[in-house]
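*Asks:* make a model of this:
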Amino acid sequence: MSGASRIVHSGGAYVSYTLQGRHMSERLAEAACRIGRGDQNSIPLNGELVSRNHAMIQLAGAGIYYLHDLGSRNGTFLNGKRVTDPQPLTDGDRVLIGGHEIRFHQPPASGAISLDTLSGTTALRADLQIVTSAVVHVSGVPPDVQSSMLNALRTQSAGRGATAIAVTPDTVTSVWLHEARRRDGADVLSTLEFLYETWRAFHRENAGVRISAAVNTGYTPPPAPDTPNASDPAAYGLPVARAAQLQQSTRNIHHDIAVGADAFDQLAQLCPADEHFCQRRLTLQDYPKPIRVYAINFPYLPPILFTAREALSRADRMPFTV
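*Replies:* Below you'll find the predicted structure:
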């Protein structure tokens, strides 16, 4: 009914906003609260300036909630500043999405650690982790063979310590969490090695199989461990959403693998990767400007993987000096 209010929170953190003349108040009970255009979102908003998957509020450690922008075309703003990396929320913060203002509330009694007690941005950044996401698409084989390959991919991802895995009829999405300070390329290298081994094994079984994949990295706060969607790749925000978009772009760029710019920059620390990858600039859906993407086909990976692994081994053998 127009003008009526819907209050669903009963303590703890919540958000309030106005939609079509109605005052809404939503408790943040889950690890990830998705915001966007469409009923599939926890907070559905209308308007042409709102993307289908626009933003997300995610619970991390110590009861701190983070705001993610999910690659929206028109941006997500926190207290007037555009969000590019996950940002911690405090009581009274204003989030602006496509002309809609959402107010974040977290009374002290809700159990969160006050951000005033942390030592500034460094402490907040330390709470974030690097997430590496791999999205693998399988096609060109009969449905029963495809299903078998996808199940094998899921098992292999789990065996390699994936934090979250999702399987659709033709795609497997895997997520690995790493310490934020580790950006030496080792995690990206391991992911590319995994993809190459998968491609080689599947081609031995069925030469007609078509494998396309993407690797992307970025910052994310880890979901609270006791929440039900901690094993859902979608809970890890923009780095995973971007990996899915990159995988879908492989057909347009005519390569098997698309690697995000941050992941490529990490790999380039280990070997002259730019000699083997083709740089592309892509405009992705719901993102305002072109981004750097690096593309390669599976048969050309071995020399890169060998050189990068050798460089990493030498670095590990180097004596520590002060």
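
*Asks:* buried residues in stretch 159-179?
*Replies:* Using 16 or more other C-beta atoms under 10 Å as the burial criterion, the residues of stretch 159-179 that qualify are Ala162, Thr163, Ala164, Ile165, Ala166, Thr171, Val172, Thr173, Ser174, Val175, Trp176, Leu177. Backbone N, C-alpha and C define where each C-beta goes, glycine included.

*Asks:* equivalent analysis for stretch 274-283, please.
*Replies:* Buried residues in stretch 274-283 (16+ other C-beta under 10 Å): Phe277, Arg280, Leu282.

*Asks:* dump the residue contacts of the last one.
*Replies:* Pointing back at Leu282 there. The neighbours of Leu282, taking C-beta atoms under 8 Å, 6 or more residues apart in numbering as the test, are Leu246, Ser249, Asn252, Ile253, Pro290, Ile291, Val293.

*Asks:* distance of it relative to Ala55?
*Replies:* 22 Å (C-beta to C-beta, to the nearest Å).

*Asks:* then Phe306?
*Replies:* Counting by C-beta to C-beta - Phe306 and Ala55 are separated by 41 Å.

*Asks:* these two: who's more crowded?
*Replies:* Ala55 (30 against 11; other C-beta atoms under 10 Å).

*Asks:* what sits opposite that one in the beta ladder?
*Replies:* Ile35, Asp69 (DSSP bridges).

*Asks:* all helices of the stretch 51-200 of the chain, in order?
*Replies:* Ranges of helices within the stretch 51-200 of the chain are 120-127, 143-159, 186-205, based on DSSP state H, counting those that start in this stretch.

*Asks:* so which of those is the most surrounded?
*Replies:* Stretch with highest mean neighbour count among these: helix 186-205 (a mean of 19; mean count of other C-beta atoms under 10 Å).

*Asks:* in whichever helix or strand comes after it, what's buried?
*Replies:* Following helix 186-205 in sequence order, the next helix or strand is strand 210-220 (DSSP states H and E). Of the residues in strand 210-220, Ile211, Ser212, Ala213, Ala214, Val215, Asn216, Thr217, Gly218, Tyr219, Thr220 count as buried by neighbour count, 16+ other C-beta under 10 Å.

*Asks:* with stretch 78-98 instead?
*Replies:* Leu78, Val83, Pro86, Gln87, Pro88, Leu89, Asp93, Val95, Leu96, Ile97, Gly98.

*Asks:* can I get that stretch as PDB, trimmed to CA atoms?
*Replies:* Extracted as PDB, the C-alpha positions of stretch 78-98 are listed here (Å, rounded to 0.1, in the frame of the first residue of the first chain):
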ATOM      1  CA  LEU A  78      29.500   6.200  -0.300                       C
ATOM      2  CA  ASN A  79      29.100   9.500   1.400                       C
ATOM      3  CA  GLY A  80      29.600  11.300  -1.900                       C
ATOM      4  CA  LYS A  81      32.600   9.300  -3.100                       C
ATOM      5  CA  ARG A  82      32.600   6.700  -5.800                       C
ATOM      6  CA  VAL A  83      33.400   3.200  -4.600                       C
ATOM      7  CA  THR A  84      36.200   1.400  -6.500                       C
ATOM      8  CA  ASP A  85      37.300  -1.100  -3.800                       C
ATOM      9  CA  PRO A  86      35.300  -2.600  -1.000                       C
ATOM     10  CA  GLN A  87      34.700   0.000   1.600                       C
ATOM     11  CA  PRO A  88      33.800  -0.500   5.300                       C
ATOM     12  CA  LEU A  89      30.500   0.900   6.500                       C
ATOM     13  CA  THR A  90      29.800   2.700   9.800                       C
ATOM     14  CA  ASP A  91      26.600   3.700  11.400                       C
ATOM     15  CA  GLY A  92      24.900   6.500   9.500                       C
ATOM     16  CA  ASP A  93      26.800   6.100   6.200                       C
ATOM     17  CA  ARG A  94      24.900   7.200   3.100                       C
ATOM     18  CA  VAL A  95      25.000   4.900   0.000                       C
ATOM     19  CA  LEU A  96      23.800   6.400  -3.300                       C
ATOM     20  CA  ILE A  97      22.700   4.100  -6.100                       C
ATOM     21  CA  GLY A  98      21.000   5.400  -9.200                       C
END
